[in-house]
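Undergrad: A structural model of the following input is requested.
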Amino acid sequence: MLTNYSKRPTCATVNLDNLAFNFHSVQQNVGNKVKYMAVVKADAYGHGAVECAKRLENEGIDWFGVALPEEGLQLRENQITKPILCLGSFWAGQENLLLENDLTSVIYNLDLAERLNSVAKSKGIIAKIHIKIDTGMGRIGVRFDETEKFANSLLRFENLEVEGIMTHFASADDLSQNEFTNLQIKRFYECLNIFENKGFRPIFKDLANSPAAVAHKNSHGNLIRLGGILFGLGDDVLPNEINLPAIKAVMSLSTKISHLKLVPKGETLGYGRIFTTKKDSIIASIPIGYQDGYSRGLSNSGRVIIRNQFAPVVGRVSMDWTLIDVTGIENVKINDEVILIGSSQDKTVKTEELAEKTDTISYEITCGINRRVPRIYVGS
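TA: Predicted coordinates for the structure are as follows:
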């Protein structure tokens, strides 16, 4: 830890008050008849799982969702006490990790169910599980048309309790595909009936992700999984044809100008010489690059905010450095703040803008901000 030394000025600021605002905004939009799970996998979409989980637990979240048992363990080691669901199930050999740290696993594989049942039996405990049904996503889960066979096989595991049934939507964000979303909902409840008819009594009916939560009221069940919407992401993944809850960006990304130089008209810049100055120009070098998560795809297309003005990215974004054309920005100087994601007065660069320019979604942008970029947490 470089506690006694100056550091590179590149940092990501995470506003925990905005995180709390987003949670309560969705609550107000959806209602209080359901429980809420905060999905904090992938280090809370790059925002920092531990700090975000601590704030959300204080705000009254009911569950946390992680991808891996290792992510759940990290939360437990940092005194997170609310139930944690491992959405990606677990790997053979992680049974003790789950049971010793009160982690609930998704199950869609009988071999893993048998392993977990065996270890739970040896400890004299009942392990709670959630069954994932593949209603049309085609990824992981028990196929909807194989549910009865799976449920019959599950009956022999006396040390497993089916606490929840869940699924995941393929296109809840696209209202033109509502017919398929409704088909997935229909399949889910048919599968739920199969489990209940076999004597299982799942408490939680878990269908809705962020888009479904706000766009498909018939998908709510009684446990809603909130992911990107909690972190103020979603202009590019939430349907814009409906009345959405107000959300605020949680992460901003900034650095400072490290070098300035006058470059005459007609000179080329950066790897591949893909930019040529059209006039005498002032070019700023800023200490951030694709290793930090500022995509190479923003070469010659991104923009930043300096002194409340937009300034374009010029030349190729390299591993550790990016070039900005600051010609025309009055009084620009070394150590001026550079906002890569965020706002200054009436100027804003949104995560969704970077995603659009690099042909991806906002989730990948924040997940991709490398851990060599320190997170600074603000908010009570």
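
Undergrad: what separates the closest residue to residue 255 other than its chain neighbours from residue 339, distance-wise?
TA: If the residues on either side of it in the chain are set aside, residue 255 comes closest to residue 10, at 4.1 Å by CB to CB, 6 or more residues apart in numbering. (C-beta placed from N, C-alpha, C; glycine too.) From residue 10 across to residue 339, the span is 12 Å (CB to CB, to the nearest Å).

Undergrad: Now list whatever residues contact both of those two.
TA: When CB atoms under 8 Å, 6 or more residues apart in numbering defines a contact, the residues bordering residue 10 and residue 339 alike are 253-254.

Undergrad: In terms of neighbours, single out the busier of these two.
TA: Legend: neighbour count by other CB atoms under 10 Å for residue 10 and residue 339, higher for residue 10 (24 against 19).

Undergrad: Can you give me every residue that contacts the more buried one?
TA: 253-255, 286-288, 292, 373.

Undergrad: Let's have these in JSON lines, adding secondary structure.
TA: Listed next are the contacts of residue 10 as JSON lines, based on DSSP: H, G, I helix; E, B strand; the rest coil:
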{"residue": "253", "secondary structure": "strand"}
{"residue": "254", "secondary structure": "strand"}
{"residue": "255", "secondary structure": "strand"}
{"residue": "286", "secondary structure": "strand"}
{"residue": "287", "secondary structure": "coil"}
{"residue": "288", "secondary structure": "coil"}
{"residue": "292", "secondary structure": "helix"}
{"residue": "373", "secondary structure": "coil"}
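
Undergrad: remind me, longest helix of the chain?
TA: helix 178-197 (DSSP state H).

Undergrad: The stretch 101-250 of the chain: strands as residue ranges?
TA: 103-107, 127-134, 142-143, 160-166, 204-206, 223-226 (DSSP state E, counting those that start in this stretch).

Undergrad: Ok, which of the ones you listed comes nearest residue 17?
TA: In terms of CB to CB, the element of these nearest to residue 17 is strand 223-226, at 17.0 Å.

Undergrad: buried sites along that closest one?
TA: Across strand 223-226, burial judged by 16 or more other CB atoms under 10 Å covers 223-226.

Undergrad: who touches that strand?
TA: By CB under 8 Å, 6+ apart, strand 223-226 touches 23, 26, 30, 34-39, 62-63, 65, 164, 166, 204-206, 208-210, 212-213.

Undergrad: if we go to 6 Å?
TA: 34-39, 65, 204, 206, 208-210, 213 (CB atoms under 6 Å, 6 or more residues apart in numbering).

Undergrad: what about that strand, average pLDDT?
TA: When pLDDT is averaged along strand 223-226, the result is 97.

Undergrad: now for the helix or strand bottoming out on mean pLDDT in the chain, which elements pack on it?
TA: Here the helix or strand of the chain ranked lowest by mean pLDDT, DSSP states H and E is helix 210-215, holding a mean of 93. If you count contacts as 3 or more CB pairs under 6 Å, 6 or more residues apart in numbering; DSSP states H and E, helix 210-215 packs onto no helix or strand.

Undergrad: contact partners of that helix?
TA: Outside helix 210-215, the residues that reach it (CB under 6 Å, 6+ apart) are 30, 169, 172-173, 219, 224, 226-229, 238-239, 242, 244.

Undergrad: Please apply the same query to stretch 244-254.
TA: 12-15, 18-19, 21-22, 25-26, 29, 47, 214, 231-232, 238, 337, 339-342, 366.

Undergrad: what ranges of the stretch 1-150 of the chain fall below the confidence cut-off?
TA: Applying pLDDT under 70 to the stretch 1-150 of the chain flags residues 1-5.

Undergrad: Helices of the stretch 251-380 of the chain, start to end?
TA: 351-357, 362-367 (DSSP state H, counting those that start in this stretch).

Undergrad: Now that we have those helices, can you turn them into CSV and tack on distance to residue 81, mean pLDDT and mean neighbour count?
TA: Shown next, in CSV, are the helices of the stretch 251-380 of the chain (distance: least, CB to CB, whole Å; pLDDT from 0 to 100; neighbours: other CB atoms under 10 Å):
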stretch, distance to residue 81, mean pLDDT, mean neighbour count
helix 351-357, 31, 97, 21
helix 362-367, 26, 96, 22
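
Undergrad: For residue 203, give me its contacts.
TA: Per CB under 6 Å, 6+ apart, neighbours of residue 203: residue 163.

Undergrad: Distance check, it against residue 63.
TA: Counting by CB to CB, the gap from residue 203 to residue 63 is 12 Å.

Undergrad: ok so, going back, mind putting the strands of the stretch 101-250 of the chain in CSV, distance to residue 115 included?
TA: Output for the strands of the stretch 101-250 of the chain, formatted as CSV (distance: least, CB to CB, whole Å):
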stretch, distance to residue 115
strand 103-107, 10
strand 127-134, 11
strand 142-143, 17
strand 160-166, 11
strand 204-206, 23
strand 223-226, 26
